[in-house]
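Asker: Provide a 3D model corresponding to the input given below.
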Amino acid sequence: MIILDKDAVTSDKHGCSPQDRDIEQLFESCFILLDKSPGPSSHQVSAWARDMMGLEKLGHGGTLDPFASGLLPLLSGKAMRLTGRILTHDKSYLAVLKFSKEVDRELLEENMAMLRGKVYNVPPEISAVRVQVRTRKISRFEILDFDGTSALAHIECEAGTYVRTMARDLGLLMDTAVELKELRRPTSGEFSLSQSITMQQLADAYWLWNEKGDDAAMMRILHPIEDMLSDVPRIVVKDGAAAALSHGAPLLRPGVVSIPEDLGVGSEVLLVTIKGEAVALAKLVQPSKVIPDMTQGEVAKPNCVLMKEDTYPRSWKK
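Answerer: Residues are numbered from 1 along each chain as shown. Have a look, this model is predicted:
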């Protein structure tokens, strides 16, 4: 990290560090890791959670078919602007496969190996999304348990992979019908079920906060938007720059406090305040190595503003 202004300070009258936000502030831009149960659709689950908590905006990142269970990220407020990012996360699944006749384990493993790598993945008719042909990378498709007529498989795959299609294609290779009996998603990107809560736990936590004033459970459930972007290089900006950026303005050199080393033009960066608040995702318009020698000019252009307008006061006239 290159420090460009070691004397820069932030006002304690405006903004708030992510770890110090209260529930209402978190609702404006946070995510929840839900363990969806079989039955409802992903849309139904997010709608129930939205209405229960009285939120204006709450969406989900990564469709699970109604019969499936597992990790379903819910995005609130400005975090919904990161839905596309969540959708591209690699996923893992546990799948129970039922065969119409007894099959040989060695033959099964050979055919499963044929479905690893880049494969065509056409959604089944009952899929929850629009049908289109595409290729997807399957990095892992292995047996965890097997009894001759059924198998428990572990799958690691690119986002948008249809496990029903994998079961169908496996059946075609083995000349036997293969039914996907159960499907569970343990991980999505860096997030896992170990971090998740059930809908009932969410309802209980919300009731404790809303009716009893106990926010402890809700504070554990609501994750600040910054946690979703921990892998993105960060440029720290001054309060005045954060105010302008929240209105979509480019980041100018005088507003920079520190920058990562060795980033090229076009690199994606997260612009954050001195307090650590996410302001915007942006693309560098200058390589980081030349920025210390600049005195004026654009450094980065935001393409996804994440901070509420006027969180920091304007320092310019309309």
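Asker: where do the helices sit along this protein?
Answerer: Using DSSP state H, the helices of the chain run over residues 23-27, 42-53, 83-87, 105-114, 163-174, 199-212, 216-221, 239-245.
Asker: check the ones you listed for me and report the most buried one.
Answerer: helix 239-245 (a mean of 23; mean count of other CB atoms under 10 Å). No exception for glycine: its C-beta is placed from N, CA and C like everyone else's.
Asker: just the C-alphas of that one, formatted as CSV.
Answerer: Taking C-alpha atoms only, helix 239-245 is exported to CSV below (Å, rounded to 0.1, in the frame of the first residue of the first chain):
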residue,chain,number,x,y,z
ASP,A,239,-14.3,12.6,3.2
GLY,A,240,-14.7,15.3,0.5
ALA,A,241,-14.0,12.8,-2.3
ALA,A,242,-16.5,10.3,-0.8
ALA,A,243,-19.2,13.0,-1.0
ALA,A,244,-18.5,13.6,-4.7
LEU,A,245,-18.1,9.9,-5.5
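Asker: partner residues bridging Val178?
Answerer: With DSSP bridges applied, Val178 shows beta-bridge pairing to Phe99.
Asker: what mean pLDDT does stretch 142-156 get?
Answerer: For stretch 142-156, mean pLDDT rounds to 98.
Asker: okay, buried residues for it please.
Answerer: By neighbour count on 16 or more other CB atoms under 10 Å, the buried set for stretch 142-156 is Phe146, Ser150, Ala151, Leu152, Ala153, Ile155, Glu156.
Asker: in strands only, show me those residues.
Answerer: When the buried residues of stretch 142-156 are checked against strands (DSSP state E), the matches are Phe146, Ser150, Ala151, Leu152, Ala153, Ile155, Glu156.
Asker: from those residues, which two are the most distant?
Answerer: Ser150 and Glu156 (20.7 Å; CB to CB).
Asker: give me the pLDDT for Arg314.
Answerer: pLDDT, read off for Arg314, is 82.
Asker: just the one 3 residues further on next, same as before
Answerer: You'll see Lys317 listed with a pLDDT of 53.
Asker: give me the below-cutoff pLDDT ranges for this protein.
Answerer: 123-133, 316-318 (pLDDT under 70).
Asker: hmm, try it at 90
Answerer: Scanning the chain for pLDDT under 90 picks out 1, 61-63, 86-87, 119-135, 160, 310, 314-318.
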